[in-house]
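Novice: The sequence and its predicted three-dimensional model are supplied below.
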Amino acid sequence: MKIKVCVGSNCTMMGADGILDSLENLKETILTKPGVNPAFTLDVEIVRCVGECKKKKNVSPVVVVDDVIYRNASREEIMSIVLDKAFDHIMTK
Ligand code: FES
């Protein structure tokens, strides 16, 4: 899974840092535990303004997960997407 967190000024003002911190924390805690799909990888990239805030107002923070753009992304929403994917092999049994 590849996640790009926009840390342009608009997204940073609207909480991108918190999403980034939570993702890093997740990598060091839950994602190191047994039960995570061994095929799951998490690549977090920091990007500067991806341009969404120039197209439309009030879209920050913006996070791109596997090329899907999440506008007004919340920490909870992004963590939920990551955890669903990391443990998807358990849920499909
Ligand atoms: S600052 Fe994040 S989309 Fe522009």
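Specialist: It's in.

Novice: can you pull the contacts of the residue nearest the centre of the chain?
Specialist: Among the residues of the chain, the one closest to the centroid is residue 78, at 4.6 Å (Cα atoms, centre = their mean). Residues near residue 78 by Cβ atoms under 8 Å, 6 or more residues apart in numbering: 3, 19, 22-23, 63, 65, 70. No exception for glycine: its C-beta is placed from N, CA and C like everyone else's.

Novice: Residue 58 now?
Specialist: Contacts of residue 58 (Cβ under 8 Å, 6+ apart): residue 72.

Novice: Let's see which of the contacts of residue 78 end up in helices.
Specialist: 19, 22-23 (DSSP state H).

Novice: Now tabulate the residues you listed in JSON lines and tack on neighbour count and distance to residue 44.
Specialist: What follows is these, written out as JSON lines (neighbours: other Cβ atoms under 10 Å; distance: Cβ to Cβ, whole Å):
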{"residue": "19", "neighbour count": "27", "distance to residue 44": "10"}
{"residue": "22", "neighbour count": "15", "distance to residue 44": "10"}
{"residue": "23", "neighbour count": "19", "distance to residue 44": "5"}
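
Novice: which of these lies closest to residue 74?
Specialist: Distance to residue 74 across the ones in helices among the contacts of residue 78 (Cβ to Cβ) is lowest for residue 19, with 7.9 Å.

Novice: That closest one: what's its closest spatial neighbour, skipping adjacent residues?
Specialist: Distances taken as Cβ to Cβ, 6 or more residues apart in numbering place residue 75 nearest to residue 19, at 5.2 Å, with adjacent residues excluded.

Novice: show me the contacts for whichever residue of the chain sits closest to the ligand.
Specialist: Closest contact between the chain and the ligand, by Cβ to the nearest ligand atom, is at residue 8 (2.4 Å). Residue 8 sits next to 48-50, 53, 60 when contact means Cβ under 8 Å, 6+ apart.

Novice: All good on my end, thank you.
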